[in-house]
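Colleague: coords below, sequence missing:
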């Protein structure tokens with residue numbers, strides 16, 4: 001996916017000084033992938049083995065990490081889709097049902113997480129702050 005889709009797609013856009021951040025899934029931190037990403041992003045790679053280290057099991061700071069993927073996945077698989085069409089329909093339905101009010105709460109929660117991290121000077125966040 002990285003070589004056949006992601007990097008060619010980046011090359012189709014005028015993207016300057018783009019930073020890339022990934023999680024610590026083993027396949028994402030394999031030497032071949034890290035080397036490829038370093039070649040593409042240079043010092044702007046945030047990863048466990050990249051130039052900017054991202055420690056395993058660090059708190060997920062972005063709304064996509066701590067909210068969207070978990071929320072969508074929980075609803076998409078609720079009725080145990082058996083076909084790709086059923087799965088795609090569920091994804092479309094769940095995403096289209098997300099309302100602006102929900103996103104406003106997510107952003108409010110996100111800013112409180114950032115405030116906590118600033119105040120604690122980057123110390124680990126307690127379990128309670130991960131609950132929505």
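Modeller: That came through fine. Bear in mind the structure is a predicted one, so any value in this text is a computation, not a measurement.
Colleague: make it CA atoms for all contacts and neighbour counts henceforth
Modeller: Fine.
Colleague: State the distance from residue 75 to residue 107.
Modeller: 21 Å (C-alpha to C-alpha, to the nearest Å).
Colleague: so how far is stretch 30-39 from its chain's centroid?
Modeller: Distance, stretch centre to chain centre, for stretch 30-39: 19 Å (C-alpha atoms, centre = their mean, to the nearest Å).
Colleague: got it, and stretch 98-110?
Modeller: 17 Å.
Colleague: any idea where the helices of the protein begin and end?
Modeller: 7-11, 31-41, 63, 69-76, 84-96, 100-119 (DSSP state H).
Colleague: Can you give me the buried ones in the last one?
Modeller: It refers to helix 100-119. Within helix 100-119, the residues that count as buried by 16 or more other C-alpha atoms under 10 Å are 106, 109, 110, 113, 116, 117.
Colleague: quick one: average pLDDT of that helix?
Modeller: Average pLDDT, helix 100-119: 83.
Colleague: Check which helices and strands that helix is in contact with.
Modeller: Counting contacts by 3 or more C-alpha pairs under 8 Å, 6 or more residues apart in numbering; DSSP states H and E, helix 100-119 packs against helix 63.
Colleague: Show me what the mean pLDDT comes to for the helix it packs on.
Modeller: 72.
Colleague: List the contacts of the lowest-mean-pLDDT helix or strand in the chain.
Modeller: Lowest by mean pLDDT, DSSP states H and E among the helices and strands of the chain is helix 63, with a mean of 72. For helix 63, contacts defined as C-alpha atoms under 8 Å, 6 or more residues apart in numbering pick out 106, 107, 110.
Colleague: Tell me the buried residues in stretch 41-51?
Modeller: So, applying 16+ other C-alpha under 10 Å, buried residues of stretch 41-51: 41, 42, 44, 45, 46, 47, 48, 49, 50.
Colleague: Now do the end-to-end distance for that stretch.
Modeller: 10 Å.
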